[in-house]
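Q: Provided below for reference: sequence and predicted model.
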Amino acid sequence: MINKIISQIWDKIWIISPFFIFFTIIFIIIFSIVKFILIIINFLMTYYKDILLVSKYIFKTIILPFAIVFLIISLFNTINLHFISKKLDSLKPSEKEKYIKKTI
């Protein structure tokens, strides 16, 4: 019984793992961009003393577009994972292997 549950979970994790790798790469890229943004903020703050003006400019031009793009990517991946898990639940074990090979 437990082996059956573990194998079902492993089947789903195995098909979803490429998406987690994709999310990890995106997270590393976004983290690097945020680090770069913080360096820019530090540079701007040394030359411009108005904190509100600098923060408003940075939010409108850099942070907001990246947040919107990240939310759109997350939404599409969530929808994709939902349909993949529904498809895997409806397939027989022999068809699952074919679907996994076709998908990957």
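A: Noted; the coordinates are in hand.
Q: Spatially central residue in this protein, please.
A: Residue closest to the average C-alpha location in the chain (C-alpha atoms, centre = their mean): residue 23, at 3.5 Å.
Q: could you measure the closest residue to it other than its chain neighbours against residue 50, distance?
A: In this structure, residue 23 finds its nearest non-sequential neighbour in residue 77, 7.1 Å apart by C-beta to C-beta, 6 or more residues apart in numbering. Quick note: C-beta positions are derived from backbone N, CA and C, even for glycine. Distance from residue 77 to residue 50, counting by C-beta to C-beta, to the nearest Å: 39 Å.
Q: Same question for residue 23.
A: To residue 50, residue 23 is 37 Å away according to C-beta to C-beta.
Q: Run a quick neighbour tally on residue 55.
A: The local packing of residue 55 (other C-beta atoms under 10 Å) involves 14 other residues.
Q: Could I get the pLDDT score of it?
A: As predicted, residue 55 sits at a pLDDT of 74.
Q: tell me which element it is part of?
A: helix 51-58 (DSSP states H and E).
Q: Can I get that helix in PDB? Just the C-alpha atoms.
A: Extracted C-alpha coordinates of helix 51-58, given in PDB (Å, rounded to 0.1, in the frame of the first residue of the first chain):
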ATOM      1  CA  ILE A  51      14.800  58.800  -1.500                       C
ATOM      2  CA  LEU A  52      11.200  58.900  -2.600                       C
ATOM      3  CA  LEU A  53      12.000  60.000  -6.200                       C
ATOM      4  CA  VAL A  54      14.700  57.300  -6.600                       C
ATOM      5  CA  SER A  55      12.500  54.500  -5.200                       C
ATOM      6  CA  LYS A  56       9.500  55.500  -7.300                       C
ATOM      7  CA  TYR A  57      11.600  55.600 -10.500                       C
ATOM      8  CA  ILE A  58      13.200  52.200  -9.700                       C
END
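Q: Which residues does that helix contact?
A: Helix 51-58 is touched from outside by 37, 40, 41, 44, 45, 48, with contacts defined as C-beta atoms under 8 Å, 6 or more residues apart in numbering.
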